[in-house]
Every structure is written in structure tokens, then in C-alpha cells.
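Novice: Sharing a model prediction with you, sequence too.
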Amino acid sequence: MKKILLLLAMCLMFSACSQLGIQPWERGILAQEEMRLVSDPIAARLDDHIYFSKEASSGGASFGGGGCGCN
């Protein structure tokens, strides 16, 4: 009896993640401008530049240099 319950619980756990993702009819809603993660791309780019300049690292963006100001 315990094995059957354990097997049933495992099947339920593994099937809980089977519907991840978006459906084709939901793509139109997610493509709207209000749904963007970054509302102002210029401000986001400036924030990234300031962050990586202060951290002395580059996160794969198209600029080089470190925190010291040298390129």
C-alpha cells in the first residue's frame, strides 16, 4: 500500500511541471508593450554601464574597461 501511494505521489509531482510555458494564444498578450521587463531601454543601458563600471567587470555588454576608468 505504501509503495502504491509513493508511486502515485511521485507521478503527481512529476506531472505538475508538465504544462510550463505559454500557449500559442497567450503570445499576443505577452508581446504587448506593457509586458516588457524593461520599460526604458536607454535607461537600462545606462544603468548597466554604471553598474559594470563600478564593479570593474563586464557582463557581456559591448563596452570594455574597469572601475578605474581605463579602457
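Specialist: Cool, the structure landed. Numbering: from 1, shown residues only.
Novice: gap between Ile22 and Gly28?
Specialist: Between Ile22 and Gly28 the distance, using Cβ to Cβ, to the nearest Å, works out to 10 Å. The way it works is simple: take the backbone N, C-alpha and C, and place the C-beta from them, glycine included.
Novice: just the CA coordinates of the helix or strand where Leu8 lies, formatted as CSV?
Specialist: Element membership for Leu8 (DSSP states H and E) is helix 2-15. Extracted in CSV, the C-alpha atoms of helix 2-15 (Å, rounded to 0.1, in the frame of the first residue of the first chain):
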residue,chain,number,x,y,z
LYS,A,2,2.8,2.4,0.9
LYS,A,3,4.6,1.7,-2.4
ILE,A,4,1.4,2.5,-4.4
LEU,A,5,0.9,5.8,-2.5
LEU,A,6,4.6,6.7,-3.0
LEU,A,7,4.3,5.9,-6.7
LEU,A,8,1.1,8.0,-7.0
ALA,A,9,2.7,10.9,-5.2
MET,A,10,5.8,10.7,-7.5
CYS,A,11,3.6,10.7,-10.6
LEU,A,12,1.7,13.7,-9.3
MET,A,13,4.9,15.6,-8.5
PHE,A,14,6.4,14.9,-11.9
SER,A,15,3.2,15.8,-13.8
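Novice: helix or strand right after it?
Specialist: Secondary structure here is assigned by DSSP H and E; on that basis, the next helix or strand after helix 2-15 toward the C-terminus is helix 27-30.
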